[in-house]
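Trainee: Provide a 3D model corresponding to the input given below.
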Amino acid sequence: MLHLMINVLPITHDLSQALQRREQDLVNALKLVTVVKQRLAAMKTDIGWGALFDEVVTFCNKFHIDVPSMDQNYIKGKRSKRRAPSITNMHHYKYDCLHEIVNLFVAELDSRFDVASTELLRCVSCLCPSSSFEAFDRASLLKLA
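Mentor: Take a look at the predicted model:
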């Protein structure tokens, strides 16, 4: 889980920093939201999972930590083996851990930056007086109206 946090938090760090800066260009901050969602989605792919898993195995081997076989059945808590659902360790760590955490991050981003509010912010950003209304866009203003 620690390696998962180490990989997820830097992805969201840039967005967090950009949103905290008052002078940050709004359009660039909104683009960062899209980039963060794409990076999080990439973590859920087989390539993203493979890279994370390889990193964890390397870390465990370096510090002589046993790595469970990913093909063995995962037993949750202290349930008896008869009542435990039959899933492998690989399924548990990939889907129940990685995918769930990434889905929580994406759901949080979606709740804070839904399509309607994001479009509204993009339209309003063309009214920014910095640089003599350089971002002025008539089409965006017509959408706003």
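Trainee: Quick one: the helices in the protein, in order.
Mentor: Counting by DSSP state H, the chain has these helices, from start to end: 2-20, 26-43, 46-62, 89-91, 100-112, 115-125, 138-144.
Trainee: Let me know the angle separating the longest one from helix 46-62.
Mentor: Right, helix 2-20. Calculated by axes from the mean of the first three to the mean of the last three CA atoms, to 10 degrees, helix 2-20 forms an angle of 120 degrees with helix 46-62.
Trainee: Helix or strand with the lowest mean pLDDT in the chain?
Mentor: Within the chain, judged by mean pLDDT, DSSP states H and E, the helix or strand with the poorest mean is helix 138-144; its value is a mean of 63.
Trainee: Quick one, which of the helices of the chain gets closest to residue 71.
Mentor: The minimum distance between residue 71 and the helices of the chain falls on helix 89-91, with 7.0 Å, by CB to CB. Quick note: C-beta positions are derived from backbone N, CA and C, even for glycine.
Trainee: Can you work out which other helices and strands pack against that closest one?
Mentor: Under the contact criterion of 3 or more CB pairs under 8 Å, 6 or more residues apart in numbering; DSSP states H and E, the helices and strands touching helix 89-91 comprise strand 73-74.
Trainee: Report the distance from the strand it packs on to the chain centre.
Mentor: Strand 73-74 has its average C-alpha position 27 Å from the chain's average C-alpha position, going by CA atoms, centre = their mean, to the nearest Å.
Trainee: hmm, who's touching it?
Mentor: Contacts made with strand 73-74 from outside it, assessed by CB atoms under 8 Å, 6 or more residues apart in numbering, are listed as 84, 86-89, 91-92.
Trainee: So the spatially most central residue of the chain versus residue 63, what's the distance?
Mentor: The geometric centre of the chain, computed from its C-alpha atoms, lies nearest to residue 40 (CA atoms, centre = their mean), at 3.4 Å. If you measure residue 40 against residue 63 using CB to CB, to the nearest Å, the figure is 28 Å.
Trainee: re the thing from before, including pLDDT, could the contacts of strand 73-74 go into JSON lines?
Mentor: Shown next, in JSON lines, are the contacts of strand 73-74 (pLDDT from 0 to 100):
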{"residue": "84", "pLDDT": "60"}
{"residue": "86", "pLDDT": "85"}
{"residue": "87", "pLDDT": "93"}
{"residue": "88", "pLDDT": "95"}
{"residue": "89", "pLDDT": "94"}
{"residue": "91", "pLDDT": "96"}
{"residue": "92", "pLDDT": "95"}
